[in-house]
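> from the sequence below, what's the structure:
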Amino acid sequence: MTEPERKRRLVVLAGPTAVGKGSVAADIREHHPEVWISVSATTRAARPGEVNGVHYWFVSDEEFDRMVEDDDLLEWAVVHGCNRYGTPRQPVDLALASGHPAMLEIDLQGARQVRQSMPEALFVFLEPPSWDELVRRLVGRGTEDEAERERRLATAREELAAQEEFDVSIVNREVHAAAEELVALMELDHGTIA
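Below is the predicted model:
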């Protein structure tokens, strides 16, 4: 008799704006191709260098509405009061069924929704070394105007207060080190659910 087929445990990575979630995910993509990382859909415009289908699925408001209506999203939220982001459900289900490590890189609102539908997932909070460093990173990337930076910093204060909702925290002092810590955590975690 063979052991019943086991499904991988989803890892959910979240944290405040500008903490480096996207950079950590990109490092994992580069150095650990065995880890499947979800590509979120968003209604925001692409930033310089972002590629549709690689960094995000850039969709219209109408397409996002259709995805919500058809229950095609595992989670979705309005982020920073203006754009919508969501995780397409089918690729997540397929990745988990394949037995490969699978990870979502999402915001706090999305992580809370995933906790409702997949409480067995491992929830990892990526935190900055300090508030000053978070502000420096946000200003330094130069992709938002002053009003958007202020909106994101206000959101970041709320997001940092939610750290206790997560199973574990990783401090992002340096991107590659944080990525390696996360992959090691995936390997140490039982990794599967019955």
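> neighbours of Glu69, how many?
Counted by other CB atoms under 10 Å, the residues lying close to Glu69 total 9. (Each C-beta comes from the backbone N, C-alpha and C, glycine too.)
> and for Met186?
Around Met186 there are 21 residues (other CB under 10 Å).
> got the phi and psi for the residue nearest to Trp131 when sequence neighbours are not counted?
Of all residues not flanking Trp131 in the chain, Leu160 sits nearest, at 7.8 Å (CB to CB, 6 or more residues apart in numbering). Main-chain torsions, Leu160, degrees, to the nearest 10: phi -60, psi -30.
> what does the pLDDT read for Leu160?
pLDDT for Leu160: 93.
> would you agree it is in contact with Glu127?
Yes - assessed by CB atoms under 8 Å, Leu160 is found in contact with Glu127 at 7.2 Å.
> please enumerate the helices of the chain.
Under the criterion DSSP state H, the chain contains helices at 21-31, 61-69, 89-98, 108-117, 131-141, 146-160, 175-188.
> can you tell me which of those helices comes nearest to Val39?
Among these, helix 89-98 comes nearest to Val39, with 7.5 Å by CB to CB.
> looking at Leu160 and Glu127, which one has more neighbours?
Legend: neighbour count by other CB under 10 Å for Leu160 and Glu127, higher for Glu127 (20 against 17).
> for Ala177, grab the count of nearby residues.
14.
> could you do the one 4 residues further on as well?
Glu181 is surrounded by 18 other residues when neighbours are defined as other CB under 10 Å.
> report the contact partners of it.
Taking CB atoms under 8 Å, 6 or more residues apart in numbering, we find Glu181 in contact with Ile170.
> roughly how far apart are it and Glu127?
Using CB to CB, to the nearest Å, Glu181 is found at 12 Å from Glu127.
> what touches both of these two?
The contact sets of Glu181 and Glu127 overlap at Ile170 (CB under 8 Å, 6+ apart).
> adding distance to Glu75, write the helices of the chain out as CSV.
Supplementary listing: those in CSV, determined by distance: least, CB to CB, whole Å:
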stretch, distance to Glu75
helix 21-31, 15
helix 61-69, 11
helix 89-98, 9
helix 108-117, 4
helix 131-141, 24
helix 146-160, 15
helix 175-188, 20
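> quick one: closest of the ones you listed to Ser40.
helix 108-117 (8.2 Å).
> which residues touch that closest one?
Contacts of helix 108-117 (CB under 8 Å, 6+ apart): 10, 12, 14-16, 74-79, 85-87, 104, 106, 121, 123, 158-159, 162, 165-166.
> swap in 6 Å and give it another go.
Contacts of helix 108-117 with the rest of the structure, by CB atoms under 6 Å, 6 or more residues apart in numbering, involve Val12, Ala14, Glu75, Ala77, Glu159, Ala162.
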